[in-house]
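Participant: can't give you the sequence, but here's the structure:
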């Protein structure tokens, strides 16, 4: 099975303009992401609409594909990049450009989902700790899966509702699952889902994956025990710097 990785990256972030090029340690954020993905995947590309990002990727020896500035989502950008790459790949892995600590183990878990021929789309989930504050955070979407590991629903609300228990005790009654925003798609499925209009559930929750579920696509959920550290704001970058420094210190010991 031929699998490639594509990292969508744009400069014009509302909360943190230019974050793919923000320095983290001795490298820009996008280089950290690229190098981690390249440990697992034989072919990795950055898909961008910005020449500054393109130049930075080429400078560290990475592959880059220039795409339109008018895409509604990273998924649309990935579809264009896939067509320009011209690879006859079977599966495309979507790796977020603001996840500098994405683990090769996570990417491998996502790839393994496609060993099941029924998998059309794959993503990852991680068990929440018994912390209802974290579980209740609408910025951490929750997943409910069926007995075969396929997503039944994603929500910013706490799902499922635990009847007969106080809300602050729900974590002790059900293993809540947090969504991690890595995706994989079979080539034909990626072509199909990028032609779909926004759905009512997607617009209600502002979660693109609900468009796919609402249109009948099945999403396999791989389980990981590794948390991601995304960068959305300059404050997140400061936390990432501290984390990188701690990791570097541990590796020296």
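Facilitator: Received the coordinates, thanks. Note that this is a predicted model, so its numbers are computed, not measured.
Participant: For this structure, just list every one of the strands.
Facilitator: 3-9, 23-24, 27-28, 43-48, 63-66, 91-94, 121-127, 142-145, 151-155, 177-186, 219-223 (DSSP state E).
Participant: And the ones you listed: which comes nearest residue 76?
Facilitator: Ranking the strands of the chain by proximity to residue 76 (CB to CB) places strand 3-9 first, at 8.9 Å. No exception for glycine: its C-beta is placed from N, CA and C like everyone else's.
Participant: How far off centre is the biggest helix by length in the chain?
Facilitator: For the chain, the longest helix by residue count, based on DSSP state H, is helix 234-252. Relative to the chain's own centre, helix 234-252 is displaced by 21 Å; criterion: CA atoms, centre = their mean, to the nearest Å.
Participant: As a markdown table, the strands of the chain with mean pLDDT, mean neighbour count and distance to residue 205 would be great.
Facilitator: Below are these laid out as a markdown table (pLDDT from 0 to 100; neighbours: other CB atoms under 10 Å; distance: least, CB to CB, whole Å):
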| stretch | mean pLDDT | mean neighbour count | distance to residue 205 |
| --- | --- | --- | --- |
| strand 3-9 | 96 | 26 | 21 |
| strand 23-24 | 95 | 15 | 31 |
| strand 27-28 | 96 | 19 | 32 |
| strand 43-48 | 97 | 24 | 25 |
| strand 63-66 | 97 | 19 | 30 |
| strand 91-94 | 97 | 23 | 19 |
| strand 121-127 | 98 | 21 | 15 |
| strand 142-145 | 98 | 19 | 11 |
| strand 151-155 | 98 | 20 | 6 |
| strand 177-186 | 96 | 23 | 11 |
| strand 219-223 | 97 | 21 | 15 |
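Participant: which helices and strands does the helix or strand bottoming out on mean pLDDT in the chain pack with?
Facilitator: The weakest-scoring helix or strand in the chain, judged by mean pLDDT, DSSP states H and E, is helix 234-252 (a mean of 81). When contacts are defined as 3 or more CB pairs under 8 Å, 6 or more residues apart in numbering; DSSP states H and E, helix 234-252 packs onto strand 23-24.
Participant: mind redoing it with 10 Å?
Facilitator: strand 23-24, helix 29-38 (3 or more CB pairs under 10 Å, 6 or more residues apart in numbering; DSSP states H and E).
Participant: Distance to residue 204 for these - can I get that in TSV?
Facilitator: Output for the helices and strands packed on helix 234-252, formatted as TSV (distance: least, CB to CB, whole Å):
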stretch	distance to residue 204
strand 23-24	35
helix 29-38	30
